[in-house]
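Asks: Got a sequence here, can you build the structure:
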Amino acid sequence: MLVRSLYEHHGRAMLAYATHLTRDRSQAEDVVQEALVRAWRHADLLSGENVSVRGWLFTVIRNIVRDMARARKIRPVEVNVSPDVIPLEEDHADSVVDSMVVADGLSRLSDEHRQVLEQMYLRGSTVVQAAKALGIPPGTVKSRAYYAIRALRQMYPNLAGEGQVA
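Replies: Residues are numbered from 1 along each chain as shown. As a prediction, the model looks like this:
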């Protein structure tokens with residue numbers, strides 16, 4: 001009953017004061033709620049004749065806001081970022097291992113197959129550009145690329161399912 005009465009008589013003024021101090025409506029609402037809880041805990045202090053209830057409530061609000069500001073200075077800054085957005089550091093070791101696997105696989109292919117993959121995947125050539133650079137027909141480029149990739153998949157069956165080998 002005390003809290004309801006205090007809120008009915010002083011709630012708007014408390015919220016306005018807390019909003020002025022915090023510059024954040026939702027934070028101000030939390031401050032007012034905490035002030036009302038403290039008023040409920042100290043109901044005996046507010047029942048005296050010489051007590052200015054509104055003055056006491058405003059002092060409590062000011063102290064709560066001050067305590068919150070002090071606590072923020074001690075804690076690290078909070079950032080509202082989804083974990084999906086946070087960039088993860090790439091592990092250099094993974095890229096080194098991937099490079100070693102690719103180099104090993106390419107060295108185990110025939111020269112014709114390796115040359116086609118180097119043209120298409122390492123140099124970024126199209127089928128026509130690779131055919132021109134290697135002096136072979138485009139159909140041969142496609143065929144060699146197909147068989148080269150198939151050979152890599154057979155060499156590294158665990159990687160083929162993970163999208164590591166084209």
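Asks: what about W56, neighbour count?
Replies: Using other C-beta atoms under 10 Å as the criterion, W56 is surrounded by 19 other residues. Glycine gets a C-beta too; all of them are placed from N, C-alpha and C.
Asks: Give me the phi and psi for it.
Replies: Dihedral pair for W56: phi -60, psi -50, per degrees, to the nearest 10.
Asks: next one: R123
Replies: The phi/psi pair for R123 (degrees, to the nearest 10) reads phi -100, psi -10.
Asks: Check the burial of it by counting its neighbours.
Replies: Using other C-beta under 10 Å, the number of residues around R123 comes to 11.
Asks: for L6, what are its contacts?
Replies: Contact analysis of L6 by C-beta atoms under 8 Å, 6 or more residues apart in numbering lists 36, 39, 46, 53, 57.
Asks: Can you add secondary structure and give those back as JSON lines?
Replies: Below are the contacts of L6 laid out as JSON lines (DSSP: H, G, I helix; E, B strand; the rest coil):
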{"residue": "L36", "secondary structure": "helix"}
{"residue": "A39", "secondary structure": "helix"}
{"residue": "L46", "secondary structure": "helix"}
{"residue": "V53", "secondary structure": "helix"}
{"residue": "L57", "secondary structure": "helix"}
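Asks: so which of those residues comes closest to L152?
Replies: Nearest to L152 among those is L36, at 69.9 Å by C-beta to C-beta.
Asks: got a pLDDT number for that closest one?
Replies: On the pLDDT scale, L36 is placed at 91.
Asks: Reformat the contacts of L6 as TSV; add distance to L15.
Replies: Converted to TSV, these look like this (distance: C-beta to C-beta, whole Å):
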residue	distance to L15
L36	11
A39	14
L46	19
V53	16
L57	11
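Asks: Out of these, which end up buried?
Replies: Neighbour counting over the contacts of L6 (16 or more other C-beta atoms under 10 Å) leaves 36, 39, 53, 57 as the buried ones.
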